[in-house]
Every structure is written in structure tokens, then in C-alpha cells.
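Visitor: Using only what follows, build the 3D model:
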Amino acid sequence: MSSWTLGPENGTLTLHTGVTGRAARMGHRLTIVMASWTVSVEGPDDRPSSVSLVVDVDSLRVDSGEGGLRPLTPPEKSIVRSNALKTLNAKRFPTIEFHSEEITRNAAGYLMYGPLTIHGVTQLAEIDLAVAADGDDLRLSLNTEVSQRAHDIKPFSMAMGSLKVADVVTVSFQARCPAAERR
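Guide: Okay, here's the model as predicted:
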């Protein structure tokens with residue numbers, strides 16, 4: 001049995017939001033980077049038995065915003081970050097966590113099933129992780145969607161609800177796992 005750990009030095013964990021409402025054209029579709037996270041894996045390369053992800057919510061950083069009437073400025077990114085931390089109630093719920101209960105192999109990599117806890121609310125999640133060999137290293141990637149409302153998060157809104165963050169957030173993960181890390 002082996003175990004290994006990945007973090008931001010190995011890749012990126014990003015969130016992509018949409019906008020909705022009558023004034024959606026005025027809003028920005030955000031790319032948010034989670035700067036502090038850890039993935040822990042147990043089991044041999046060809047058959048992991050357990051995967052856990054822990055994300056530090058306060059590490060949230062607004063990377064960019066597409067659309068809107070004009071580009072996001074650095075001060076606006078700070079305001080968006082502050083609003084996101086309030087929406088997620090980061091002081092009360094400082095982490096986002098996923099812990100696999102079942103892992104099965106599929107054509108592209110692995111299908112992981114287990115509890116995902118965001119904002120203190122746990123929902124079962126199915127996460128499809130693509131794994132590709134790159135020499136002796138592994139390239140890991142996934143794109144999955146998460147509903148804020150399923151985790152009792154009220155998406156941020158303004159202008160009496162005419163501009164709001166869409167309920168579904170796309171989570172993207174890309175990492176490179178060097179062979180030396182998996183020993």
C-alpha cells in the first residue's frame with residue numbers, strides 16, 4: 001500500500017461561475033482559483049483505494065471575469081472575493097471536503113463516489129477523474145458541476161435579484177503527479 005499527496009505546486013483547482021437574471025449581460029462570468037488544497041491518495045497507482053480532497057475556502061482568489069460592461073479591476077476583484085467568502089460563510093465553514101467511499105476504474109481513469117461537504121452540507125457526489133500517462137508521470141484532470149443550492153448556498157445577487165451568480169458552478173482540476181511522489 002502506498003500513499004501520496006498533491007497540492008497547488010502540482011496543479012490548479014478552479015471554479016467557473018455563470019450569471020443569470022434580467023441584467024445578466026452586465027455581470028461577469030468568473031474564474032476563481034483555489035490557492036490552497038490537498039489531495040491525498042492511498043493505494044497503488046493502478047488501483048487507488050481512497051482519495052480525499054480538502055480545500056481552504058479562504059484561499060479563494062478571483063482570477064478573471066469575462067463579459068460585463070467593462071473588465072474587472074483589481075479593487076472589484078477584491079469586492080467579488082469578499083462577497084464570495086460571505087456567501088460561502090468561510091469563517092464558519094473554512095473547508096470544502098470530498099472523501100471517496102468507492103472508486104471504480106473506467107476507460108479514461110476513475111469514477112469516484114462519496115460525500116462532498118460544502119458550506120457544512122454534505123451531498124453524495126460522483127466525480128469522473130481522467131488519468132493519462134506522461135512518461136512515468138501521471139496527468140490528472142476533471143471537470144464537474146456543483147449546485148450551490150444543493151449545499152444550502154444562496155447564490156450572490158444584486159440589483160434586487162436582476163443580476164445573480166448562476167446556481168451551477170463548474171469545478172476544474174488539472175495536476176501532474178510525478179512518479180517520485182507516488183512511492
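
Visitor: Can you tell me the strand partners of the lengthiest strand in the chain and which way each runs?
Guide: For the chain, the strand with the greatest residue count under DSSP state E is strand 121-134. Strand 121-134 has these partner strands in its sheet, going by DSSP bridges: strand 109-118 (antiparallel), strand 137-147 (antiparallel).

Visitor: Tell me which of those strands lies nearest to N83.
Guide: Closest to N83 of the strands paired with strand 121-134 is strand 109-118 (CB to CB; 16.6 Å). For glycine as for every other residue, the C-beta is placed from the backbone atoms N, C-alpha and C.

Visitor: and that closest one, what's its mean pLDDT?
Guide: Taken as a whole, strand 109-118 carries a mean pLDDT of 97.

Visitor: Would you mind pulling the contact partners of that strand?
Guide: With CB atoms under 8 Å, 6 or more residues apart in numbering as the test, strand 109-118 has contacts from 48, 51, 88, 93, 95-105, 122-132, 140, 146, 151, 153.

Visitor: what do you get for stretch 131-142?
Guide: Stretch 131-142 is contacted from outside by 6, 11, 45, 108-110, 127-130, 171-179, 182, using CB under 8 Å, 6+ apart.

Visitor: Point out where this protein drops to low pLDDT.
Guide: The model of the chain has pLDDT under 70 over residues 1, 45-46, 180-183.

Visitor: which stretches of the chain form helices?
Guide: Remark: helices assigned in the chain by DSSP state H are 74-87.

Visitor: Kindly present the strands paired with strand 121-134 as TSV, with separate columns for distance to V80 and mean neighbour count.
Guide: Shown next, in TSV, are those (distance: least, CB to CB, whole Å; neighbours: other CB atoms under 10 Å):
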stretch	distance to V80	mean neighbour count
strand 109-118	19	18
strand 137-147	19	16
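
Visitor: looking at those strands, which is closest to T38?
Guide: T38 lies closest, by CB to CB, to one member of the strands paired with strand 121-134: strand 137-147, at 13.8 Å.

Visitor: Quickly note the distance from V168 to L142.
Guide: Per CB to CB, to the nearest Å, V168 is found 16 Å from L142.

Visitor: no wait, G135
Guide: Remark: distance between G135 and L142 (CB to CB) = 21 Å.

Visitor: which one of the strands paired with strand 121-134 lies closest to T17?
Guide: strand 137-147 (10.8 Å).

Visitor: what's around A175, how many residues?
Guide: Residues within reach of A175, counting by other CB atoms under 10 Å, total 20.

Visitor: dump the residue contacts of it.
Guide: Taking CB under 8 Å, 6+ apart, we find A175 in contact with L6, N10, G11, T12, V39, R139, L140, S141.
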